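Engineer: The following comprises the amino acid sequence and a computationally predicted model.
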Amino acid sequence: MLRDYSEAKISQLGEEMFEDDPKNISKVAGKRTALLMMRIPDVHSPTAVPKSDPAESSVDGPAPSVGHGGGHRTAPSPSAWNQPSHGPVSRSGVTTGPSSWFGTLGRMFRRSRVAPLQTRPPDPLVPTPAASPPQGTATAVGEPSTSNSRCGDVRGTKTRWSVCPWTSRSENIATTVKSSKSSTKKWYRGLRSNRVAPVGDHSGTPSRGLGMHRTTGVGDLAAFDETLDNTLPEKNSSQSKPHSKTSPKLNDEDILTGIPTIDEKNLRPACKEPGRPTILGRGQSGVVRLMRLRRPERGSKLVAVKRLMLGTCSGPHPAMIKEIRALQAVENCSIFPKLVGVITKQTFAQEFVGNPKSMVTLSIFKALRGKPPISVEHWVLIIHDVITGISALHQSGWAHCDIQSNNVLLWKDRSQSDPTEARWQGRIIDLGNAKRLTGPDRYCLDLTLSEKAAYYRDCRHIPAEIVEGLEPYGVRSDIYSLGVLMQDIARQIPGMFELIPLADTCTVANPDERPTLRTLLKELNVWCQDHTGFRFSPVEKKWNVAYV
Ligand SMILES: Nc1ncnc2c1ncn2[C@@H]1O[C@H](COP(=O)(O)OP(=O)(O)OP(=O)(O)O)[C@@H](O)[C@H]1O
């Protein structure tokens, strides 16, 4: 229970700030989840394609985003997207079209930073460049071949900047491309790039990433999907996720039994402004859009529609079926968004977690970076929610396998008469990597050395025993991930520093020494009483949360 009114005021203030801040859109952080998909002998997904990374895919303008330490790149600022594009530029930086004085300066600047080519041994993570240029890729004037350009990021007809991954991470090379379809984007770029894709609020800005923003009008879902598909880069076999190599033959009727369906005629994109559909986020497996579902006699409601981009499939996509099954397994647990229904073979709708007025979602990742201010008590309750949700998932026979700050969304129930009564609540999303605790999902990863290195670098939430292939994903790896999440919160929220030791118990190297979720919840309760003066029990009653 909120102890004083000022706390509630602060919370309310935070809510208002959250609503007003156009930057508070759904993020998607990226490289880490991609790694989860690597070399996993999953039995699903016939073909796969990684998500397009808008942060690197179509940045028009003179300023490249420079990769540092693992290629963690920052999405360009909206002003950069609006920069006029320059003429085609060859690999060596020679402008072959109309140039400008700052283009020349830019080249000088870039040249000064470019490391000599092949000064390093090739990164084993990086596939050898294709012997022939990608289909449709034009050679820049003055260039012998684009296959030598080594950094072909071929989308659109404008000059693209991309980081050359197998020379220097800070080495940026301009390439000229003339095909809008072919792509030499490698799967590893998804691993190294920042997944943050603040598309929703930039839907009106020109040429960026998937081009969702260029969608004009509000058509039906099929037309919308078609538009999306046309703006996506073509699938590249080298981008396939390892787990997609085998695909079971599934009977459509069997797998869809018990799954509600939605007639796409009842769906309309939810737009903040006319003609600008809202994109909630993008992940490794697909795009999530905000749509309005018309319900006969009950008005409409907002739903988050996830469309998988994992290649074509004759029937419902196995990856979608699996995610839906995991969602169904926890349909009685309020910590997970409810499944609303299946729309197409690769598209399904789930409950929207966010602010229905501003159409904005807030993840822990975002909340830890400033706004809105959330009190210690509410943070403890959010952690409580996450523990409760994971516990419910485990009891249903599933492990989440990707618990991290991007996959916990925060929301407030604004429907209550007294807004000060509302509290921030945590909702766990993205069951796309969930695995059953028994059966064929119980296998150990088999990673190469460089893949392991990438895991250690980019997937802090994955414990070493999983990376080393000593244990399969399961209850204890989820507890480790939860510990990392708690560490992140405790380190960044003033007043929660003393929670770090408890979080640390979850991340000990020996999985057997990690606490159970029940123990963790009790310890959290004790900590909460010591540091904030309240226990869960009254809160539990007030907000109807329960021990597990
Ligand atoms: N139910 C929801 N309500 C609101 N936003 C959502 C919802 N589900 C997903 N999102 C937004 O869409 C983004 C991508 O969703 P999700 O993580 O499920 O995709 P993914 O392709 O499985 O991602 P990943 O690469 O992590 O596997 C999320 O980070 C979140 O911002």
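Structural biologist: Received the coordinates, thanks. This one's a predicted model, so the numbers in the text were calculated from it and none came from an experiment.
Engineer: Please count neighbours and contacts with C-alpha atoms only from this point.
Structural biologist: Noted.
Engineer: Give me every residue in the stretch 301-450 of the chain that's in contact range of the ligand.
Structural biologist: Those residues of the stretch 301-450 of the chain that sit near the ligand, judged by Cα under 6 Å from any ligand atom, are 304, 337, 350-354, 361, 406, 429-430, 432.
Engineer: could you flag which of those are buried?
Structural biologist: Among those, those that count as buried by neighbour count (16 or more other Cα atoms under 10 Å) are 304, 337, 350-354, 361, 406, 429-430, 432.
Engineer: picking up where we left off before, got the residues of the stretch 301-450 of the chain next to the ligand as a markdown table, with pLDDT and secondary structure columns?
Structural biologist: Compiled in a markdown table, those are given as follows (pLDDT from 0 to 100; DSSP: H, G, I helix; E, B strand; the rest coil):
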| residue | pLDDT | secondary structure |
| --- | --- | --- |
| A304 | 95 | strand |
| P337 | 95 | coil |
| Q350 | 95 | strand |
| E351 | 94 | strand |
| F352 | 94 | coil |
| V353 | 94 | coil |
| G354 | 90 | coil |
| T361 | 91 | coil |
| N406 | 94 | helix |
| I429 | 95 | coil |
| D430 | 93 | coil |
| G432 | 92 | coil |
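Engineer: so which pair among the residues you listed is furthest apart in space?
Structural biologist: G354 and G432 (19.6 Å; Cα to Cα).
Engineer: could you pull out the strands for the stretch 401-548 of the chain?
Structural biologist: Defined through DSSP state E, counting those that start in this stretch, the strands belonging to the stretch 401-548 of the chain, from first to last, are 408-412, 424-428, 435-436.
Engineer: Mind putting these into a markdown table with mean pLDDT and mean neighbour count?
Structural biologist: Conversion of the strands of the stretch 401-548 of the chain to a markdown table gives the following (pLDDT from 0 to 100; neighbours: other Cα atoms under 10 Å):
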| stretch | mean pLDDT | mean neighbour count |
| --- | --- | --- |
| strand 408-412 | 92 | 22 |
| strand 424-428 | 92 | 23 |
| strand 435-436 | 94 | 21 |
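Engineer: closest one to T312 among those strands?
Structural biologist: strand 435-436 (22.5 Å).
Engineer: Identify the residues contacting stretch 430-443?
Structural biologist: 36-37, 42, 285, 319-320, 322-323, 326-327, 394, 397-402, 407, 471-475 (Cα atoms under 8 Å, 6 or more residues apart in numbering).
Engineer: Buried residues, it. List them.
Structural biologist: Taking 16+ other Cα under 10 Å as the basis for neighbour counts, the residues of stretch 430-443 that come out buried are 430-437, 441, 443.
Engineer: quick check, nearest of these to the ligand?
Structural biologist: Sorting these by distance to the ligand puts D430 at the head of the list, at 3.8 Å, by Cα to the nearest ligand atom.
Engineer: give me phi/psi at that closest one?
Structural biologist: Note on D430: backbone dihedrals following degrees, to the nearest 10 are phi 60, psi 80.
Engineer: Could you report the distance from it to I279?
Structural biologist: 16 Å (Cα to Cα, to the nearest Å).
Engineer: And for A392?
Structural biologist: 29 Å.
Engineer: Equivalent analysis for L310, please.
Structural biologist: Noted for L310: a distance of 18 Å to I279, by Cα to Cα.
Engineer: between the two, which one's more packed in?
Structural biologist: The neighbour count for L310 versus I279, taken as other Cα atoms under 10 Å, is higher for I279 (29 against 25).
Engineer: Which strand residues bridge the more buried one?
Structural biologist: Partner residues in beta bridges with I279, using DSSP bridges, are R289.
Engineer: Let the chain start at 14 from now.
Structural biologist: Yes, from this point I'll number from 14; that puts the last item at I292.
Engineer: hang on, it packs against V316?
Structural biologist: No: under the criterion of Cα atoms under 8 Å, I292 makes no contact with V316, lying 11.6 Å away.
Engineer: list residues touching both of these two?
Structural biologist: By Cα under 8 Å, 6+ apart, I292 and V316 have these common neighbours: L303.
Engineer: residues contacting K335?
Structural biologist: By Cα under 8 Å, 6+ apart, the contact list for K335 reads G445.
Engineer: The nearest residue to V521 once chain neighbours are set aside: how many residues sit nearby?
Structural biologist: If you skip the residues right next to it in sequence, V521 has R527 as its closest partner in space, 6.4 Å away by Cα to Cα, 6 or more residues apart in numbering. Taking other Cα under 10 Å as the criterion, the count of residues near R527 is 20.
Engineer: D543 now?
Structural biologist: Neighbours of D543 under the rule other Cα under 10 Å: 11.
Engineer: Likewise for R489?
Structural biologist: Considering only other Cα under 10 Å, R489 is surrounded by 24 other residues.
Engineer: Could you measure from the residue lying closest to it once chain neighbours are set aside over to G296?
Structural biologist: Of all residues beyond its chain neighbours, the one nearest R489 is P524 (6.0 Å), with distances taken as Cα to Cα, 6+ apart. According to Cα to Cα, P524 and G296 sit 29 Å apart.
Engineer: So for those two, which residue has more residues nearby?
Structural biologist: Counted by other Cα under 10 Å, P524 and G296 do not tie: G296 has more neighbours, with 27 against 18.
Engineer: Now V316: which helix or strand?
Structural biologist: Under the assignment given by DSSP states H and E, the secondary-structure element containing V316 is strand 313-321.
Engineer: Who are the packing partners of that strand?
Structural biologist: Under the contact criterion of 3 or more Cα pairs under 8 Å, 6 or more residues apart in numbering; DSSP states H and E, strand 313-321 touches strand 299-307, strand 360-364.
Engineer: Give me the neighbour count for V389.
Structural biologist: The local packing count at V389 equals 19, with neighbours defined by other Cα under 10 Å.
Engineer: From H413, how far off is the closest residue to G508 other than its chain neighbours?
Structural biologist: Using Cα to Cα, 6+ apart and skipping the chain neighbours, the partner closest in space to G508 is V389 (6.8 Å). Note on V389: its distance to H413, by Cα to Cα, is 26 Å.
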